[in-house]
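Peer 1: Need coordinates for the following:
(chains A and B)
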Amino acid sequence: DAKTTQPPSMDCAEGRAANLPCNHSTISGNEYVYWYRQIHSQGPQYIIHGLKNNETNEMASLIITEDRKSSTLILPHATLRDTAVYYCIVRSSLGGATNKLIFGTGTLLAVQP
Amino acid sequence: DAGVIQSPRHEVTEMGQEVTLRCKPISGHNSLFWYRQTMMRGLELLIYFNNNVPIDDSGMPEDRFSAKMPNASFSTLKIQPSEPRDSAVYFCASSPTGVQPQHFGDGTRLSIL
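Peer 2: Numbering: from 1, shown residues only, chains lettered A, B, ... in the order given. Take a look at the predicted model:
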């Protein structure tokens, strides 16, 4: 079973920031938070990941709460091409069979013109 | 840079036939993953290879499914005999190591009539 909880859907206006929440209250110390997205008819695309510090790359920012029980993915200026299902995944860093990515149902982000 | 390459992109066949899906991972990536995506069950990991060796095949649904990785640049997922319930999109992904982000191909859309 997925170890994360996400809202099933969200809307965002084009050009505005999209803030996608994720709850992972049972996360353990060696588990990272990963975000992927899947645009219709394509394979999942890696966005960003983090352990406990906030992270930023060219695609997005990841804000992880101090207790690590929740996080927020931020797309600073959403475009229509950002419409996709966004998956928040908790993944072990220990290796072996624990490397599985377990995808939940994700959040369908609809960016509106 | 070439990403993960899957073939065929679409496959339609009659039940009982053998189906072979192919994947070429990104050069230099040591880990390869096969996933299946359906509306009912979402994205599920079927099997995971590291350095061409199967590490976790607990997601393979039954003996009709088999996967091989004869070398670092090629993997196959075979279904024999195929059944209508095998209809799904099958994704292949690769990563430099088992703990780094996975890069997905565009998938094979399989329809079993």
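
Peer 1: quick one: terminal-to-terminal distance for stretch B:81-89?
Peer 2: 17 Å (C-alpha to C-alpha, to the nearest Å).

Peer 1: List the beta-bridge partners for residue 90.
Peer 2: In the absence of a named chain, this looks at chain A. Beta-bridge partners for A:V90, by DSSP bridges, are A:V33.

Peer 1: Hmm, no, I was thinking of chain B.
Peer 2: Beta-bridge pairing for B:Y90 (DSSP bridges): B:R36, B:T108.

Peer 1: quick one: it and B:T76 touch, right?
Peer 2: No: shown here, B:Y90 and B:T76 do not form a contact pair, counting by C-beta atoms under 8 Å, at 11.1 Å. C-betas here are computed from N, CA, C, even on glycine.

Peer 1: The two: which has the busier surroundings?
Peer 2: Per other C-beta atoms under 10 Å in any protein chain shown, whichever of B:Y90 and B:T76 has more neighbours is B:Y90, with 22 against 15.

Peer 1: contacting residues around the more buried one?
Peer 2: Residues in contact with B:Y90 (C-beta atoms under 8 Å, 6 or more residues apart in numbering or on different chains) are B:Q6, B:L21, B:W34, B:Y35, B:R36, B:Q37, B:L77, B:G107, B:T108, B:L110.

Peer 1: Show me what residue of chain B gets nearest to chain A.
Peer 2: B:F104 (3.2 Å; C-beta to the nearest C-beta).
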